[in-house]
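A.B. asks: What follows is a protein structure lacking sequence information:
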């Protein structure tokens, strides 16, 4: 018998049952690989290669002016949404390892790999999420199709106190402490 589960990733790693099950049970992961319209190089698309034509980081401008393009990893050609749709139509599922004998497989598809989602929407969501943990989590879940990661950084309490005092008093300080 076959069991199919379709879902989007929700929440953080410890909250997303679909992600936890996929990682635990998926023996082979498939991703959609596409050819560049200009050079033909097959590639797994990555959201870090989605760029704005004018280098804009303004989410509204990117969406309104349809500025986003996908940059080929090999030749640097900037794909329009039309070129991307053609590439997606010529793509293929590729496994991360030999699928022979696998009884549990995972198909991982991100928003930019759908012909229904414009590149400018993806880039808009990315820039609109900057500085907002809730929006970043939504971007990870809804666009990248991965669980969000909670990042905690440790800091020295004394350094934080000094930094706070320096900011309050507009004083510059340096941390060149040398024991006597």
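C.D. replies: Yep, that arrived. In this text the structure is predicted, and so the values were computed from the model without any measurement. Numbers count the residues shown, from 1 in each chain.
A.B. asks: in the chain, which spans are strands?
C.D. replies: 28-35, 42-44, 50-52, 68-71, 78-79, 92-95, 105-108 (DSSP state E).
A.B. asks: Including mean pLDDT, could these go into a markdown table?
C.D. replies: Below are the strands of the chain laid out as a markdown table (pLDDT from 0 to 100):
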| stretch | mean pLDDT |
| --- | --- |
| strand 28-35 | 97 |
| strand 42-44 | 98 |
| strand 50-52 | 98 |
| strand 68-71 | 98 |
| strand 78-79 | 98 |
| strand 92-95 | 98 |
| strand 105-108 | 94 |
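A.B. asks: for the ones you listed, which one sits closest to residue 15?
C.D. replies: Of all the strands of the chain, the one in closest proximity to residue 15, counting by CB to CB, is strand 105-108 (18.2 Å). For every residue, glycine as well, the C-beta is placed using N, CA and C.
A.B. asks: Show me what that closest one is packed against.
C.D. replies: Packing contacts for strand 105-108, counted by 3 or more CB pairs under 8 Å, 6 or more residues apart in numbering; DSSP states H and E, involve strand 28-35.
A.B. asks: Any chance you could list what contacts the strand it packs on?
C.D. replies: For strand 28-35, the surrounding residues in contact (CB atoms under 8 Å, 6 or more residues apart in numbering) are 22, 41-45, 84, 87-88, 90-99, 102, 104-109, 113.
A.B. asks: List only buried entries from those.
C.D. replies: Taking 16 or more other CB atoms under 10 Å as the criterion, what is buried in the contacts of strand 28-35 is 22, 43, 45, 84, 87-88, 91, 95, 106, 108, 113.
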